[in-house]
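Visitor: Here is my input; please provide its structure:
(2 chains)
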Amino acid sequence: DAKTTQPTSMDCAEGRAANLPCNHSTISGNEYVYWYRQIHSQGPQYIIHGLKNNETNEMASLIITEDRKSSTLILPHATLRDTAVYYCIVGYGNKLVFGAGTILRVKS
Amino acid sequence: DAGVTQSPTHLIKTRGQQVTLRCSPKSGHDTVSWYQQALGQGPQFIFQYYEEEERQRGNFPDRFSGHQFPNYSSELNVNALLLGDSALYLCASSLLGAPIYAGGLADTQYFGPGTRLTVL
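Guide: Predicted structure coming up:
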């Protein structure tokens, strides 16, 4: 499974866009990029996934670079409830390999 | 549309005991995966069940075993509990997609709320 590198923590002002980067330089073949988040003591919540093209859903947007070696998760208008640990995972989804993730703190 | 459910919510056991955790997948899903999350760490993959068989397994000892029933629900069993087994146990369900080792379709997993196991 390809490994990912994420910043340990980030802060974001409420109402502003939160941009969470992820490096996955060893991504291969048709591996997908998945994003999950976990609010304290709850199960991880699926956010979005993509292969090559940028993706958008009701929660977030996913921007994948052309060489697929990095990606950015964008929360367009962060709220206090978006404070969580965000995990970037590369693979096929049937066996998720979680790293340490990024702690996103949204502040008022 | 019911999501993934797990029971019990919390559980306290003593060393050496055995425990069984239960999971009901999201409606329409046929595959169940189990993860262990120690405090302060990301979830670690234990194993995955599809068609009542273990489809793949992570780096966990044989003390961890599972079962999937015809209605797709699943159980995780842990024997001879150790203090280090204290963790949040997460169940995730999905609809079978890509083969394990080949590229292809994405297989999105949806998680339940977890069972907090404390071993004393």
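Visitor: What's the separation between the closest residue to A:Asp11 other than its chain neighbours and B:Thr108?
Guide: Leaving aside its chain neighbours, A:Asp11 sits nearest to A:Arg105 (5.0 Å; criterion: Cβ to Cβ, 6 or more residues apart in numbering or on different chains). All C-beta atoms are positioned from the backbone trio N, CA, C, and that covers glycine. Distance, A:Arg105 to B:Thr108, by Cβ to Cβ, to the nearest Å: 27 Å.
Visitor: Tell me which of these two has more neighbours.
Guide: B:Thr108 (20 against 14; other Cβ atoms under 10 Å in any protein chain shown).
Visitor: What does the more buried one show for phi and psi?
Guide: phi -80, psi 130 (degrees, to the nearest 10).
Visitor: Contacts only, for it.
Guide: Residues near B:Thr108 by Cβ atoms under 8 Å, 6 or more residues apart in numbering or on different chains: A:34, A:46, A:49, A:93, B:94, B:97.
Visitor: re the thing from before, look up which helix or strand the residue nearest to A:Asp11 falls in, please.
Guide: Using DSSP states H and E, A:Arg105 sits within strand A:102-107.
Visitor: Need the mean per-residue confidence for that strand.
Guide: Across strand A:102-107, the average pLDDT comes to 97.
Visitor: could you say what helices and strands that strand packs with?
Guide: Under the contact definition 3 or more Cβ pairs under 8 Å, 6 or more residues apart in numbering or on different chains; DSSP states H and E, strand A:102-107 sits against strand A:9-13, strand A:18-23, strand A:84-91.
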